[in-house]
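Student: whatever this is, show me its structure:
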Amino acid sequence: MAALRRFLLPLVALLVLLPLRTVTSSDAGHLLAAKHELSDPAGALSGWDASQPLCAWPHVTCARKSTTAVAELYIYNLSIAGVFPSSLCSLRSLRRLNLAGNDIAGPLPACLADLPALSDLDLSGNDFSGEVPAAYGAGFRSLVELKMVQNSLSGDFPAFLTNLTTLKVLQLAYNPFTPSTLPENLGDLANLRQLYLASCNLTGKIPSSIGNLGNLGNLDLSFNRLSGEIPASVGNLSSLFQMEAYSNQLSGRIPEGLGSLKMLRNIDISMNLFTGELPEDMFAGPSLESVHIYQNQLTGRLPASLGTARRLTDLRMFGNQIEGPFPPEFGKNCPLEFLDMSANRMSGPIPPTLCASGNLTHLLLLGNRFEGAIPAELGQCRTLLRIRLFNNSLSGPVPPEFWGLPNVSMLELRSNALSGTVDPAIGGAKNLSNLQIQGNRFTGVLPAELGNLSNLQELVASDNSFSGRMPPSLVQLSQLNLLDLSNNSLSGEIPRGIGRLRALIRLNLSHNHLTGIVPPEISQIHQMNAMDLSSNELSGGVPMQLQSLQLNDLNLSYNKLSGPLPLLFTASRYQQSFLGNPGLCYGLCTNNVDPDAIRRARINMAASILSAAAIILLIALAWFTYKYRIYKKRAAEIDYDKSSTWVLTSFHRVEFNERDIVNSLDESNVIGKGAAGKVYRSVVGPRKYAYTLHVTEKSDVFSFGVVILELVTGKSPMAPEIGEKDLVAWVCDNIDQNGAESVLDQKIVDQFKNQMRKVLNIGLLCVNKSPNNRPPMRSVVKLLLEVQGQNKPKAKKEEAPAF
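Tutor: Numbers count the residues shown, from 1 in each chain. As a prediction, the model looks like this:
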């Protein structure tokens, strides 16, 4: 029996340990080891269990006719974190590995290049860093797709990847490589279908060998610093259906040959330095749908091929120097949806055929020299959403139906020579939120139907010849925040019920013939920031209730107002607000009052004012003395006591101390002023700046604007690239020289471009040099809430019109 036991025990142990050893040395074991190394907060890999069949594990696909070999591993968007587990390099049958959209960090694993069957590798959207391993250019003998978008890869652009001649997809976009040129032998990747190299810090010229990529369908070189001309060899890319090279420094003429690309649907080469005329065959491609060439330096006329484009839906060429008219009957032969030719030098009439297909949604022709009437045919274009025709030479009456297009949200006709009346049909424009018709020759009365526009936020009809009364229905516009009817010939009283316009921020009715009183109910519009009723015939007194408004701008000058001025408005800040009203008096009015009583009252008032001033002066001196002693004491402590009691909290590592800040609180360092305090530039060393509040603890709109600029630029006020300027000056100078997009944080701008531009504009409003022109904080909050954020990155940019 003892001998039998000695024989059986080793056998039983062998039978027990054999499965365990098989698991740990198999693909299942490699996956379990990887699971152990990774952080999995969502429990996405909890189903990886040795007690279950490998092929039943989630995110795992086994090789054909195998229950133990892993062929495909899809672990994407699962919040997995950690360093890449080297055990995955032991999956010798692995063909597809997708780890995209996680938080995996550290260097790229060189061992992946040794996997003999690997054809698809997607590591996009992680935090891999360091250089691309040189092994990637010598291994991967079966690799077809390589995707490493949006990581933190550095070093030179991996030109050795051109050795991977089996590649069909190469995506390296949005990695901070050191400035590098595209490899001259790029054309060796003859099988390439997709090349995505946006924001890779590429410089130099596009190599002519790119013309050898006959199978290339999608080319994206945007957001780099490429220069020189587009090589003529791109005309050989017979499979190309999408080309993006926007936001570079490409120059010269756009080459001939693009019109011969029969597959080309979309081309975007905007925001470059192209010059000269467009090639004659620019729009000859039979599949061409979208052309973006805006913000370049193109000249000359539009080629005739534009008039024969059959599939064109989107044309954006604003911000060039294009001259002359549109080709005859442009729009008749294509399903045009979006047209933006703003800020050029175009002339002639607006083609009546622009909406012949019934698809046009955006008509943006502002800042040109178009002339003649607005075509009646556009009044039938019910698909229109935005119309911007201002700063042209358009004339004649506006077609009645054009006023009432039901889906238009923005109608801007300002600064033309349009005449006639605003037709009552405008009541049908139910979606209209912005109506700007100022600077024309409109006449007649404003129609009562304006009150039906429940979504209207801005109504600007100044500098026309409107007459008659203001429509009482205007008080129904509950969302209106800007009402400007100045410089017309309006008469009658300001409508009763105007206090119902609770969203109104700016009201300008100046330079009309309005009569009656200033309605006290205006005080109910608590958000009002600016009110101008000057140069009318208003009478009566200045309502006491107006003192409750927080107005930065108030102008009631040159009316027929009379009576005592409310005490608040006797302050010096309002000394220009009531000019030309001889009936107004400061303090006691003189009508029917005993002169001796007036004299005594004035003496008493002067005594009261002097007494109050003396008390305030004494309090101020006492406060100043107290603060000065505290300052001297703390300054001495900072100088001689190393255990300073100051506590500074910063979002960035700083290289200055408390003493530096105290010594910099000088009027020469003021860079902005607000209602709640001052913002200082603290010079604390070469190229170092900081912001601090003076006296008050309340936040300031200016300071908030600085924070907004930090967020959208990705730069702190002490960033070295700002130089000797403060952040506000740096942003403003760069916008003037290079445009708004030059200051946006390039790491995220492609995902949130439209939102960032809106937030940038809000920040610039907040840091306006004039405190009176800064919006109130509640308006800032409202504007920020209206910015619709988008959380997911886009594979292709969605460009909003710049005008």
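Student: quick one: contacts for L514?
Tutor: With contacts taken as Cβ atoms under 8 Å, 6 or more residues apart in numbering, L514 has the following neighbours: 470, 490-494, 533, 536-538. To be clear about C-beta, it is placed using only N, CA and C from the backbone, and glycine gets the same treatment.
Student: ok, now how distant is it from N559?
Tutor: L514 sits 9 Å away from N559 when distances are taken as Cβ to Cβ, to the nearest Å.
Student: which neighbours do these two share?
Tutor: If you check L514 and N559 against Cβ under 8 Å, 6+ apart, the residues they both contact are 533, 536-538.
Student: are any of those buried, and if so which?
Tutor: Applying a neighbour-count criterion of 16 or more other Cβ atoms under 10 Å, the buried members of these are 533, 536, 538.
Student: and the second one, how far from L258?
Tutor: Going back to what we said before, that points to N536. Using Cβ to Cβ, one gets 59 Å for the distance from N536 to L258.
Student: can you give the contact residues for stretch 423-433?
Tutor: Residues from elsewhere that reach stretch 423-433, judged by Cβ under 8 Å, 6+ apart: 398, 400-401, 403-411, 447-450, 452-458, 479.
Student: stretch 179-191 too?
Tutor: The list of residues contacting stretch 179-191 from outside it, by Cβ under 8 Å, 6+ apart, reads 156-157, 159, 162-168, 170, 195, 197, 200-207, 209-215, 225-226.
Student: give me the subset of these lying in strands.
Tutor: Cross-referencing those against strands under DSSP state E gives 170, 195, 202-204, 225-226.
Student: just the buried ones among the residues you listed, please.
Tutor: For the ones in strands among the contacts of stretch 179-191, burial is judged from neighbour counts taken by 16+ other Cβ under 10 Å, and it is met by 170, 195, 202-203, 226.
Student: for those, which one is nearest E289?
Tutor: For E289, the closest of those turns out to be L195, at 20.6 Å, with distances computed as Cβ to Cβ.
Student: strands of the stretch 401-550 of the chain, start to end?
Tutor: Assigned by DSSP state E, counting those that start in this stretch, the strands in the stretch 401-550 of the chain fall at 410-412, 417-420, 434-436, 441-444, 458-460, 465-469, 482-484, 489-493, 506-508, 513-515, 530-532, 539-540.
Student: what helices or strands is the shortest one leaning on?
Tutor: Other helices and strands packing on strand 539-540, by 3 or more Cβ pairs under 8 Å, 6 or more residues apart in numbering; DSSP states H and E, are strand 560-564.
Student: so after the strand it packs on, what's the next helix or strand?
Tutor: For strand 560-564, the following helix or strand on the C-terminal side (DSSP states H and E) is strand 583-585.
Student: the helices in this structure, which residues?
Tutor: In order along the chain, the chain carries the following helices (DSSP state H): 2-25, 27-37, 400-403, 595-640, 658-663, 701-713, 727-738, 749-766, 777-786.
Student: comparing those, which yields the minimum mean pLDDT?
Tutor: Looking over the helices of the chain, mean pLDDT reaches its minimum on helix 2-25, with a mean of 45.
Student: poorly predicted segments of the stretch 401-550 of the chain, please.
Tutor: For the stretch 401-550 of the chain, no stretch has pLDDT under 70.
Student: buried set for stretch 283-297?
Tutor: Neighbour-count burial for stretch 283-297, counted by 16+ other Cβ under 10 Å, picks out 283-285, 288-296.
Student: which pair in those residues spans the largest distance?
Tutor: A284 and Q295 (23.7 Å).
Student: quick check: P582 vs Q576, distance?
Tutor: Distance, P582 to Q576, by Cβ to Cβ: 16 Å.
Student: before we move on, the earlier item: biggest separation within the buried ones among the ones in strands among the contacts of stretch 179-191, which pair?
Tutor: For these, and using Cβ to Cβ, no pair is farther apart than L170 and T203, which are 18.7 Å apart.
Student: surely L112 touches L118?
Tutor: Yes - at 6.7 Å, L112 and L118 qualify as touching, with contact defined as Cβ atoms under 8 Å.
Student: those two - which one has more neighbours?
Tutor: Taking other Cβ atoms under 10 Å, L112 and L118 do not tie; L118 has more neighbours (25 against 22).
Student: contacts only, for S208.
Tutor: 231-233.
Student: now neighbour count, pLDDT and distance to R774 too, for these, in TSV please.
Tutor: As requested, these are arranged in TSV below (neighbours: other Cβ atoms under 10 Å; pLDDT from 0 to 100; distance: Cβ to Cβ, whole Å):
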residue	neighbour count	pLDDT	distance to R774
P231	16	97	49
A232	13	96	52
S233	18	97	53
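Student: what is the nearest of those residues to W730?
Tutor: In terms of Cβ to Cβ, no member of the contacts of S208 lies closer to W730 than P231, at 36.1 Å.
Student: before we move on, the earlier item: redo the strands of the stretch 401-550 of the chain as CSV? Include distance to P720.
Tutor: Output for the strands of the stretch 401-550 of the chain, formatted as CSV (distance: least, Cβ to Cβ, whole Å):
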stretch, distance to P720
strand 410-412, 41
strand 417-420, 52
strand 434-436, 41
strand 441-444, 54
strand 458-460, 41
strand 465-469, 55
strand 482-484, 41
strand 489-493, 56
strand 506-508, 40
strand 513-515, 56
strand 530-532, 40
strand 539-540, 61
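Student: of all those, which one comes closest to L302?
Tutor: The nearest among the strands of the stretch 401-550 of the chain, by Cβ to Cβ, is strand 410-412 at 23.1 Å.
Student: the closest one: which residues count as buried?
Tutor: Of the residues in strand 410-412, those scored as buried under the neighbour-count criterion (16+ other Cβ under 10 Å) are 410-412.
Student: what's the local residue count around L546?
Tutor: L546: 20 surrounding residues under other Cβ under 10 Å.
Student: which residues touch it?
Tutor: Counting by Cβ under 8 Å, 6+ apart, L546 makes contact with 518, 520, 522-523, 554, 566, 569.
Student: circling back: buried only: go through the contacts of stretch 179-191 for me.
Tutor: Listed as buried from the contacts of stretch 179-191 are 157, 159, 162-164, 167-168, 170, 195, 197, 200-203, 206-207, 209-213, 215, 226; burial here means 16+ other Cβ under 10 Å.
Student: can you name the two of the ones in strands among the contacts of stretch 179-191 that are farthest apart?
Tutor: The distance between the two most remote of the ones in strands among the contacts of stretch 179-191 (Cβ to Cβ) is 19.8 Å, for L170 and R225.
Student: you'd agree A117 is up against L97?
Tutor: No - applying Cβ under 8 Å as the test, A117 and L97 come out as separate, 10.6 Å apart.
Student: so L783 sits against G763, correct?
Tutor: No - proximity of L783 to G763 does not meet the contact threshold set by Cβ under 8 Å, at 10.2 Å.
Student: more crowded one of these two?
Tutor: Counted by other Cβ under 10 Å, L783 and G763 do not tie: G763 has more neighbours, with 23 against 16.
Student: against F390, how distant is the more buried one?
Tutor: According to Cβ to Cβ, G763 stands 25 Å off from F390.
Student: what sits closest to P400 if chain neighbours are left out?
Tutor: D423 (4.1 Å; Cβ to Cβ, 6 or more residues apart in numbering).
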